[in-house]
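J.: could you work out the structure for the sequence below:
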Amino acid sequence: MAITDPEYTDADFQRVRGIAKDVAGIFLPESKRTLVYSRVARRVRENAKASFRDYLDFVQGPAGQVELEKLICALTTNVTSFFREKNHFTHLEEEVMPALSSRARAGGRVRLWSAACSTGPEPWSMAMSIMSVFPEAPTYDVRILATDINSNVVAQAASGLYPEAETEGISLDMRNRFMEPAGQGQLRFAGPICGLPAFRVLNLNAEWPMKGLFSAILCRNVVIYFDEVTRERLWRRLADKLEPGGFLYVGHSERVVSLRECGLEQVAPTIYRKGG
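T.: Below you'll find the predicted structure:
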């Protein structure tokens, strides 16, 4: 028999809050109680559990690792679009890429990071910005790391496939240069640009496997889900992964408070530069 209204108590909400905080650093205020129910109830029903308690027991049990990831994915929001917050991409093209392209042509290594890539418009926009300044970038040691905690959106981003209606933020010239029709009203990134981004699943609040430094990191509209301690810790970790002179781009409603501790200076609204 289908379960239409699983039992949901305050204790269940508090457990979900604890799991989200411990696993992904996500802070769920009391005001999110109804949102948590609406999103997690779907997972409860799909797993044929009679209550949130039964479902959470399963998630936290030895066989629940895959479902735990699905729970975290259900709690996160993936709102994105191509060239969102356009000033960041203008800055990347005009202030960052000229020097980086010279470095790459001289045999140097260039790495950029989209640190919460969602379904992919951000890293693909970065790739288009790079190639608008440096068309031969894929033939040099230039790469974009694109990561997200949600494996489903990472897979979607890696496919490079989007409904045409979702590509309105891309100029017609760029669509013609970098995309091809894929049928059923969809477009797909194609050609050399596909050599720039590498897509990986990564929890920003867990260990990071990357050893090298980045010239630019975009981490936008992510820390709004974190409490102050988690947020400031992430800013410091991101700053530590920037090379001297590298840039950190944050969301329009975010700001780095601990500039001195991070070794950053603000060069424009939502854009920070690493000293040294």
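J.: so where do the helices sit in this structure?
T.: Assigned helices in the chain, in chain order: 10-24, 33-46, 52-59, 65-75, 86-91, 97-105, 121-133, 151-159, 172-178, 228-240, 259-262 (criterion: DSSP state H).
J.: in the third one, what's buried?
T.: The neighbour-count criterion (16 or more other Cβ atoms under 10 Å) identifies 52, 53, 54, 55, 56, 58, 59 as the buried residues of helix 52-59. Placement of C-beta: from N, CA and C, glycine included.
J.: can you check the last one too?
T.: Neighbour counts using 16+ other Cβ under 10 Å place residue 262 of helix 259-262 among the buried residues.
J.: how about the second one?
T.: Counting neighbours by 16+ other Cβ under 10 Å, one finds that the buried residues in helix 33-46 are 33, 36, 37, 39, 40, 41, 43, 44, 45.
J.: what's the spacing between the fourth one and residue 32?
T.: Remark: distance between residue 39 and residue 32 (Cβ to Cβ, to the nearest Å) = 9 Å.
J.: can you tell me which residues contact residue 198?
T.: Shown in contact with residue 198 (Cβ atoms under 8 Å, 6 or more residues apart in numbering): 143, 144, 145, 146.
J.: what's the closest of those residues to residue 110?
T.: residue 143 (7.5 Å; Cβ to Cβ).
J.: and the gap between the closest one and residue 15?
T.: For residue 143, the distance to residue 15 - Cβ to Cβ - is 40 Å.
J.: could you give the mean pLDDT of stretch 203-218?
T.: Average pLDDT, stretch 203-218: 96.
J.: now swap in stretch 122-133 and tell me
T.: Mean per-residue pLDDT for stretch 122-133: 98.
J.: hey, C-alpha coordinates of it in CSV?
T.: C-alpha atoms of stretch 122-133 as CSV (Å, rounded to 0.1, in the frame of the first residue of the first chain):
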residue,chain,number,x,y,z
GLU,A,122,28.7,28.1,-14.2
PRO,A,123,31.7,26.0,-15.4
TRP,A,124,30.5,26.0,-19.0
SER,A,125,30.2,29.8,-18.8
MET,A,126,33.7,29.9,-17.5
ALA,A,127,34.9,27.8,-20.4
MET,A,128,33.2,30.1,-22.9
SER,A,129,34.7,33.2,-21.2
ILE,A,130,38.2,31.6,-21.4
MET,A,131,37.8,30.6,-25.0
SER,A,132,36.5,34.1,-26.0
VAL,A,133,39.9,35.5,-24.9
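J.: report the separation between residue 89 and residue 5.
T.: Remark: distance between residue 89 and residue 5 (Cβ to Cβ) = 46 Å.
J.: the two - which one has more neighbours?
T.: Just comparing residue 89 and residue 5: by other Cβ atoms under 10 Å the higher neighbour count belongs to residue 89, 21 against 8.
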